[in-house]
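Trainee: Fold the following.
(chains A and B)
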Number of protein chains: 2
Amino acid sequence: MGSLDANPAAAYAAFAADVEPFRPLDADDVRSYLHKAVDFVYDYYKSVESLPVLPGVEPGYLLRLLQSAPPSSSAPFDIAMKELREAVVPGMTHWASPNFFAFFPATNSAAAIAGELIASAMNTVGFTWQAAPAATELEVLALDWLAQLLGLPESFMNRTVAGGRGTGGGVILGTTSEAMLVTLVAARDAALRRSGSNGVAGITRLTVYAADQTHSTFFKACRLAGFDPANIRSIPTGAETNYGLDPARLLEAMQADADAGLVPTYVCATVGTTSSNAVDPVGAVADVAARFAAWVHVDAAYAGSACICPEFRHHLDGVERVDSISMSPHKWLMTCLDCTCLYVRDTHRLTGSLETNPEYLKNHASDSGEVTDLKDMQVGVGRRFRGLKLWMVMRTYGVAKLQEHIRSDVAMAKVFEDLVRGDDRFEVVVPRNFALVCFRIRAGAGAAAVTEEDADEANRELMERLNKTGKAYLAHTVVGDRFVLRFAVGSSLQEEHHVRSAWELIKKTTTEMMN
Amino acid sequence: MGSLDANPAAAYAAFAADVEPFRPLDADDVRSYLHKAVDFVYDYYKSVESLPVLPGVEPGYLLRLLQSAPPSSSAPFDIAMKELREAVVPGMTHWASPNFFAFFPATNSAAAIAGELIASAMNTVGFTWQAAPAATELEVLALDWLAQLLGLPESFMNRTVAGGRGTGGGVILGTTSEAMLVTLVAARDAALRRSGSNGVAGITRLTVYAADQTHSTFFKACRLAGFDPANIRSIPTGAETNYGLDPARLLEAMQADADAGLVPTYVCATVGTTSSNAVDPVGAVADVAARFAAWVHVDAAYAGSACICPEFRHHLDGVERVDSISMSPHKWLMTCLDCTCLYVRDTHRLTGSLETNPEYLKNHASDSGEVTDLKDMQVGVGRRFRGLKLWMVMRTYGVAKLQEHIRSDVAMAKVFEDLVRGDDRFEVVVPRNFALVCFRIRAGAGAAAVTEEDADEANRELMERLNKTGKAYLAHTVVGDRFVLRFAVGSSLQEEHHVRSAWELIKKTTTEMMN
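Mentor: All right, here's what the predicted structure looks like:
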């Protein structure tokens, strides 16, 4: 009878009687909502370790918990926060959990999250320099800093060491897939011009190459760019190269195509494949591709971050001879999603294919040719201020801490690898290059795993049992036709004891299974 | 001599003597950094009105203020915040300023920023349902809510009203350009199959269509997808249709191509063009395209948000007969970048072209066919938890407030329009459809603007003078060969007095110029 409970609509009306105009960005409201969000984040990081990494929810669970129609009237922000805590969080796969060992970790840091928050609040759309001078320049600066960390040659930098504008440069994109797509398009257009094609008629003759271990998104990007599926060459790899691309096989494939009148256009080399962290030999691939004037792109999405440490930098040897390289700080450089850095050696080859110049974006700065308009190096026009978080990470932690972070993850992976090697029921399937350990119950490990096929089945069951505990989340792959478990170390809250606990769980579960 | 000042490296060492392991996500640090960021945001919103909207910086200014190499050692977060305040902010174009009238506003809200913050902290990568069940389902739910707000037919929804899985559905992408690209690729592949092309050989026969007022990013997306530049038809528009697409002209162009043995493949209709907010007639375009089985996409990036109000919904009439529609809550629905909602009527037509199935992403849920794996509706694999902020906006503000927000912006634009019409030195160039007013100093307005060409020059000078004051930022366009000023109302901190002040500034500057 007029009580709050009896009149929920009134209880939920956040804005008193609609007499006040609606002010969605009122500074006091923003501060109040953000303080609630910060409290949530604090509690989340404090408790995430105890939450099941992989939730036990069924498809459609959330649609049954939340209302199916948008509310007509406003509600205090606390209502959304309550539903977040009670309905959403229990159905999350917790990538931030220290017990997350699947895929690659999405590493993160206080500086990155704070930078992203500020970027969201400023909400700058930096398509041209004029639309966001500082955002454009900070992105360019952050990219050049990272290029220095990676030991990239000056030809990939926006500014030369002498301070002038370089011929190369970078851009921050959302994903590696976008980096592949835009460079594929630039290479495609160059090859069409080179081969005297009238329009796109010659596209049926263009061929692209990558090792069979290359991420599937590369083959998808090729199809998006209009390459003929029949002209996408997946070069077989094997244990003899640890599943890295064999330059001799690449040469053979490119030469055969050239001999057949086709136009070898693009080669994608991966440093640290998703499946098993295989490394394609960058320099040797570049040398082969150079014979055919094909574009070489290096996908170092995950392992590129490791190359900020001198002891890993050799994996990029020869990078000065490739056309482009991309790596994703949102994977292993503590910068929250999304942040993929693409560097190209000749910016004009990219902008030549991607430039637009509509009237409403024309301005003196763009006309002057003195500035970079980052819209011309990406798929879309609009773009967030992604450079801020990446700059804040490097500015705050500094090179030494970033290197320490990589080394600590690799050391933890080494601990796990040694534990696996110390148990003769298991084998490490490929040499560990970075912080990913590919291992499996080996054939002959027991009655439940006599043959390799038995072992495949045992590993599959082990993974499912582990993931169901909620105490660890591992993914799998297939290497050399064998089902293999991937143990990816590096979630930002992870410490050595989490790795050791996971191993204990693996051993215990295996013993239970084997009995 | 050992003092802090004399030893800045020691003063800047945030982590005591490196004895502690590096913990980039320590909950207390996260909270402390975020509180500093929240304070910054609060101060920013309180002061942004007084900052020059368009900064007076020269290209390269920031590179001269900040160090050109990444620091080797760590620094307190305060250092990054200080450089942000002192070096970055003065070079920002302030999209959040209430004096921002350029392009389209990037509207925002407390709920959206808080949602984005939480998403950044959870840092979920939702490529498959299993990798992020709640994130996937909340995105699907938010899209269905928005579909209801927009009055989209059930065929575009992920869930039917009866609760079953629909044949259509949506996905949140980064930009409209990506929405165009993925639908172009789906349409391309369907047309190739339909025309019996062997591989992509038939691509040279595929044609695409859009009004000449369509955003340039559409023509770029066509080129990215491999369409022949010679087959991209830009249909001329004129004042007689207020620069909307004339269906008769579209039919003529499509028929001529079909008669010539080409394959009309895709039509892009815009509801609210960037240049002048022209509206292509969706239903009539769909009817024409249906004769050729061509895909119709509706780009309602900006004006789609207005269609949550019944009085604007008629602009989408006929949408039930198109294949896809995209609109961007990051433009006008108070959801910070980036957030573009793409709806397709037949999900399988999209996933058929975009699906990948690498071993390391295989899982029971995907195999069951019961879940949506959102990676198969976008360019890339990785994806942020974009659904959270959009859901929080609708959950917190509710339909009525969202409608009020649109209506208030439109009412302010009407105020401005009336002011312009009341001054006979100016003309409103095209009818105002939403919250954008296209106007200009008219020919004959004075000695400095006798001819139309004089007026062009006067308007250009007016824009430059206005933008240099720092008190307003307007962009321009060309409509019917005339230089036109765009006054876009709706920045989230904007109130009527800002609009009136801008008009006073425009009048005063014009008077000064004319004398």
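
Trainee: isn't A:Phe40 right next to A:Arg85, touching?
Mentor: Yes - here A:Phe40 reaches A:Arg85: they are 7.3 Å apart, a contact under Cβ atoms under 8 Å. Heads up, the C-betas are built off the backbone N, CA and C, glycines and all.

Trainee: Compare these two and say which one has the larger neighbour count.
Mentor: Between A:Phe40 and A:Arg85, counted using other Cβ atoms under 10 Å in any protein chain shown, A:Phe40 has the larger neighbour count: 19 against 13.

Trainee: What is the burial count for the nearest residue to A:Glu83 once chain neighbours are set aside?
Mentor: The shortest distance from A:Glu83 to any non-neighbouring residue, by Cβ to Cβ, 6 or more residues apart in numbering or on different chains, is to A:Leu66 (6.3 Å). For A:Leu66, the count of nearby residues is 16 (other Cβ under 10 Å).

Trainee: for A:Leu66, what are its contacts?
Mentor: Taking Cβ atoms under 8 Å, 6 or more residues apart in numbering or on different chains, we find A:Leu66 in contact with A:83, A:87, B:138, B:141.

Trainee: And A:Val420, how close does it get to A:Ile441?
Mentor: 10 Å (Cβ to Cβ, to the nearest Å).

Trainee: Give the residues shared as contacts by the two.
Mentor: Joint contacts of A:Val420 and A:Ile441 (Cβ under 8 Å, 6+ apart) are A:Phe426.

Trainee: okay, the two: which has more neighbours?
Mentor: Remark: of A:Val420 and A:Ile441, A:Ile441 carries more neighbours, 28 against 23, as counted by other Cβ under 10 Å.

Trainee: Now do the more buried one against A:Ile232, distance only.
Mentor: A:Ile441 sits 35 Å away from A:Ile232, taking Cβ to Cβ as the criterion.

Trainee: now do A:Pro153
Mentor: Distance from A:Pro153 to A:Ile232, by Cβ to Cβ: 29 Å.

Trainee: mind listing the strands for the stretch 151-300 of chain A?
Mentor: Using DSSP state E, counting those that start in this stretch, the strands of the stretch 151-300 of chain A run over A:169-173, A:206-211, A:232-235, A:263-270, A:295-299.

Trainee: ok, the residue in chain A that chain B sits nearest to - how many residues close by?
Mentor: Taking Cβ to the nearest Cβ, chain B has its nearest neighbour within chain A at A:Gly226, 2.0 Å off. A:Gly226 has 23 neighbours, counted by other Cβ under 10 Å.

Trainee: In terms of pLDDT, where does it sit?
Mentor: For A:Gly226, the pLDDT comes out at 98.

Trainee: isn't it right next to B:Ala201, touching?
Mentor: No - the pair A:Gly226 / B:Ala201 is not scored as a contact, 11.3 Å apart, by Cβ under 8 Å.

Trainee: what's the spacing between the closest residue to A:Pro153 other than its chain neighbours and A:Gly164?
Mentor: Counting by Cβ to Cβ, 6+ apart, A:Glu320 is the residue found nearest to A:Pro153 once chain neighbours are left out, at 4.2 Å. Here A:Glu320 is placed at a distance of 19 Å from A:Gly164 (Cβ to Cβ).

Trainee: And the longest helix seen in chain A, what's buried?
Mentor: What stands out as the longest helix in chain A, according to DSSP state H, is helix A:387-421. Using 16 or more other Cβ atoms under 10 Å in any protein chain shown as the test for burial, helix A:387-421 gives A:387-399, A:401-410, A:412-413, A:415-417, A:419-420.

Trainee: Look at the spatially closest residue to A:Thr241 that is not a sequence neighbour and say how many residues are nearby.
Mentor: Nearest non-adjacent residue to A:Thr241, counting by Cβ to Cβ, 6+ apart: A:Ala278, 7.8 Å away. Other residues near A:Ala278 come to 25 when the count uses other Cβ under 10 Å.

Trainee: How about A:Gly164?
Mentor: Neighbour tally, A:Gly164, other Cβ under 10 Å: 8.

Trainee: A:Thr93 contacts A:Tyr473, doesn't it?
Mentor: Yes - the pair A:Thr93 / A:Tyr473 is scored as a contact, 7.0 Å apart, by Cβ under 8 Å.

Trainee: okay, and the common contacts of those two?
Mentor: Overlap of the contact sets of A:Thr93 and A:Tyr473 (by Cβ under 8 Å, 6+ apart) consists of A:53-54.

Trainee: I'd like to know which residues of the stretch 401-515 of chain A are adjacent to chain B.
Mentor: Counting by Cβ under 8 Å from any Cβ of the partner chain, the stretch 401-515 of chain A comes close to chain B at A:401, A:404-405, A:408, A:475-478, A:486, A:492-493, A:495.

Trainee: Turn those into TSV, columns for distance to A:Thr183 and pLDDT.
Mentor: Output for these, formatted as TSV (distance: Cβ to Cβ, whole Å; pLDDT from 0 to 100):
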residue	distance to A:Thr183	pLDDT
A:Lys401	31	98
A:Glu404	32	97
A:His405	29	97
A:Ser408	33	98
A:Ala475	28	96
A:His476	30	97
A:Thr477	26	96
A:Val478	28	96
A:Arg486	27	98
A:Ser492	30	97
A:Leu493	35	97
A:Glu495	38	97
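
Trainee: For these, name the two members farthest from one another.
Mentor: Across these, no pair lies farther apart than A:Lys401 and A:Val478, at 36.6 Å, counting by Cβ to Cβ.

Trainee: Excluding chain neighbours, give the residue nearest to the residue of chain A closest to chain B in space.
Mentor: Closest to A:Gly226 by Cβ to Cβ, 6+ apart is B:Gly226, at 2.0 Å.

Trainee: where does the one you found fall, phi/psi-wise?
Mentor: Here is the backbone geometry of B:Gly226 (degrees, to the nearest 10): phi 90, psi 10.

Trainee: all helices for the stretch 1-150 of chain A, in order.
Mentor: A:8-11, A:27-47, A:61-65, A:77-83, A:110-122, A:133-149 (DSSP state H, counting those that start in this stretch).

Trainee: could I get the ones you listed as CSV with mean pLDDT and distance to A:Asp259?
Mentor: Formatted as CSV, the helices of the stretch 1-150 of chain A follow (pLDDT from 0 to 100; distance: least, Cβ to Cβ, whole Å):
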stretch, mean pLDDT, distance to A:Asp259
helix A:8-11, 41, 76
helix A:27-47, 98, 58
helix A:61-65, 94, 56
helix A:77-83, 98, 63
helix A:110-122, 98, 50
helix A:133-149, 97, 38
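
Trainee: surely the residue nearest to A:Thr241 meets A:Gln213?
Mentor: Yes - with contact defined as Cβ under 8 Å, A:Ala278 counts as touching A:Gln213 (5.2 Å).

Trainee: The residue nearest to A:Gly226: what's it in contact with?
Mentor: A:188, A:200, A:203, A:225-227, B:188, B:200, B:203.

Trainee: Looking at the residues you listed, spot the one nearest B:His315.
Mentor: Looking across the contacts of B:Gly226 and measuring by Cβ to Cβ, the closest to B:His315 is B:Arg188, at 27.6 Å.

Trainee: Please report how far that closest one lies from A:Pro229.
Mentor: Distance from B:Arg188 to A:Pro229, by Cβ to Cβ: 13 Å.

Trainee: Compare the two and say which is more crowded by neighbours.
Mentor: Each of B:Arg188 and A:Pro229 has its neighbours counted (other Cβ under 10 Å); B:Arg188 has more, 27 against 10.

Trainee: A:Ser216 versus the residue lying closest to that one once chain neighbours are set aside, what's the distance?
Mentor: Among residues not flanking B:Arg188 along the chain, B:Ala225 sits closest, at 5.8 Å (Cβ to Cβ, 6+ apart). Here the criterion is Cβ to Cβ. By it, B:Ala225 lies 19 Å from A:Ser216.

Trainee: can you check A:Ile203 too?
Mentor: Here A:Ile203 is placed at a distance of 22 Å from A:Ser216 (Cβ to Cβ).

Trainee: and if you look at A:Ile232?
Mentor: 11 Å.

Trainee: Comparing these two, which residue is more hemmed in?
Mentor: Taking other Cβ under 10 Å, A:Ile232 and A:Ser216 do not tie; A:Ser216 has more neighbours (19 against 16).
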